[in-house]
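In: sharing a sequence plus its predicted fold:
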Amino acid sequence: PRSLGYNTRFYYPCRGGIQQVALALQERLTGPVRLEYEAERIDLKEQRVHFINGENFRYHQLLATIPLPELGKLLQPLPARIQWLFDQLQWVAVCSFHFGVRDVKERQKHWVYFAEPEFPFYRVVLSSNYAPHLAPRGKGTLQIEVSLPAAERRRSLKDLRSSVIRGLIKTGLLDDESQIEVEQIHTVRYGYAVFTPGCQQLVKTIIAFLAERSIRVVGRYASWEYMSLEDCLLVGQEVAGQVNAY
């Protein structure tokens with residue numbers, strides 16, 4: 001069949017899913033790594049991060065990867081003019097439905113985009129087509145992604161699920177609901193940044209404010225831009241080199 005899209009050829013771990021990329025990077029780390037530390041506030045004057053477990057650390061250079069609106073909630077003290085800039089940020093949440101099904105009707109495609117308004121989802125990923133180990137032999141996986149702008153974030157998961165299943169049946173990717181054997185629902189609050197008029201200058205001002213206080217935003221969510229996994233890895237490599245040089 002004719003290839004479509006900009007990424008018809010790509011690498012993917014043979015086993016374990018995309019998480020193997022992060023685990024492989026972790027194995028090469030030589031310094032101490034503290035996991036499950038949730039920041040409670042960032043003292044801009046003292047340059048100190050306080051965590052909900054009561055611990056705190058002083059920093060000379062802070063690399064922030066959390067979503068930009070969440071970072072804004074942690075900063076203290078924050079000038080009113082900067083707080084206003086954070087308040088202007090807009091985003092779209094993404095609700096992902098992961099279904100393990102008895103059979104996959106489409107065996108040739110890796111993912112399909114749906115632009116038609118009649119479908120509640122914008123993309124269906126058939127991950128077991130490019131990574132067969134993600135499903136038992138003869139079965140398959142479907143990841144269905146639904147975008148949720150601000151006006152739709154209060155929709156119940158039950159309602160969303162029903163509309164997703166109806167849409168899958170309409171596309172022919174699913175015969176009926178009984179075909180689903182296992183499922184998981186996951187919501188990414190900051191799925192995509194909304195690039196409103198003036199957003200670029202707004203984010204640029206926020207980043208400059210942070211840089212003056214030794215905070216650098218890194219990655220898709222903190223930089224408030226669209227970045228693929230490859231982009232994030234390349235930026236991480238670049239920043240790691242700069243930090244080591246520092």
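Out: That came in fine, so what should we check first? Residues are numbered from 1 along each chain as shown.
In: residue 68 and residue 86 touch, don't they?
Out: Yes: using C-beta atoms under 8 Å, residue 68 is in contact with residue 86, at 7.3 Å. Placement of C-beta: from N, CA and C, glycine included.
In: between these two, which contacts overlap?
Out: When C-beta atoms under 8 Å, 6 or more residues apart in numbering defines a contact, the residues bordering residue 68 and residue 86 alike are residue 206.
In: where are the low-confidence patches of this structure?
Out: Applying pLDDT under 70 to the chain flags residues 1-3, 244-246.
In: tell me what the lengthiest helix in it is packed against?
Out: Criterion DSSP state H: the longest helix present in the chain is helix 229-245. Using 3 or more C-beta pairs under 8 Å, 6 or more residues apart in numbering; DSSP states H and E as the contact test, the elements touching helix 229-245 are helix 220-223.
In: touching the longest strand along the chain from outside, list them.
Out: Criterion DSSP state E: the longest strand present in the chain is strand 180-193. In this structure, residues lying in contact with strand 180-193 by C-beta under 8 Å, 6+ apart are 67, 69-70, 89-102, 139, 147-148, 157, 161, 165, 174, 199, 221, 224-226.
In: quick revisit: contacts for the longest helix of the chain, please.
Out: 18, 21, 61, 63, 216, 218-220, 223, 227.
In: 7 Å instead?
Out: Residues outside helix 229-245 that contact it (C-beta atoms under 7 Å, 6 or more residues apart in numbering) are 61, 63, 218-220.
In: ChimeraX command for the buried members of those?
Out: The buried residues among the contacts of helix 229-245 can be selected in ChimeraX (16 or more other C-beta atoms under 10 Å) with this line:
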select :63,218,219,220
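In: export the contacts of helix 229-245 to JSON lines and tack on distance to residue 11?
Out: Converted to JSON lines, those look like this (distance: C-beta to C-beta, whole Å):
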{"residue": "61", "distance to residue 11": "32"}
{"residue": "63", "distance to residue 11": "26"}
{"residue": "218", "distance to residue 11": "23"}
{"residue": "219", "distance to residue 11": "20"}
{"residue": "220", "distance to residue 11": "19"}
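In: returning to what we had before: buried residues in the longest helix of the chain, which are they?
Out: Neighbour counts using 16+ other C-beta under 10 Å place 232, 235 of helix 229-245 among the buried residues.
In: same thing with stretch 40-48?
Out: 42, 44, 47.
In: export these to a markdown table and tack on secondary structure and distance to residue 5?
Out: Listed next are the buried residues of stretch 40-48 as a markdown table, based on DSSP: H, G, I helix; E, B strand; the rest coil; distance: C-beta to C-beta, whole Å:
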| residue | secondary structure | distance to residue 5 |
| --- | --- | --- |
| 42 | strand | 40 |
| 44 | coil | 44 |
| 47 | coil | 45 |
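In: coming back round to it: and residue 68 and residue 86? Which one has more around it.
Out: residue 68 (23 against 19; other C-beta atoms under 10 Å).
In: how close does that one sit to residue 6?
Out: From residue 68 across to residue 6, the span is 26 Å (C-beta to C-beta, to the nearest Å).
In: could you do residue 103 as well?
Out: According to C-beta to C-beta, residue 103 stands 29 Å off from residue 6.
In: what does residue 239 give?
Out: 25 Å.
In: try residue 224
Out: Counting by C-beta to C-beta, the gap from residue 224 to residue 6 is 23 Å.
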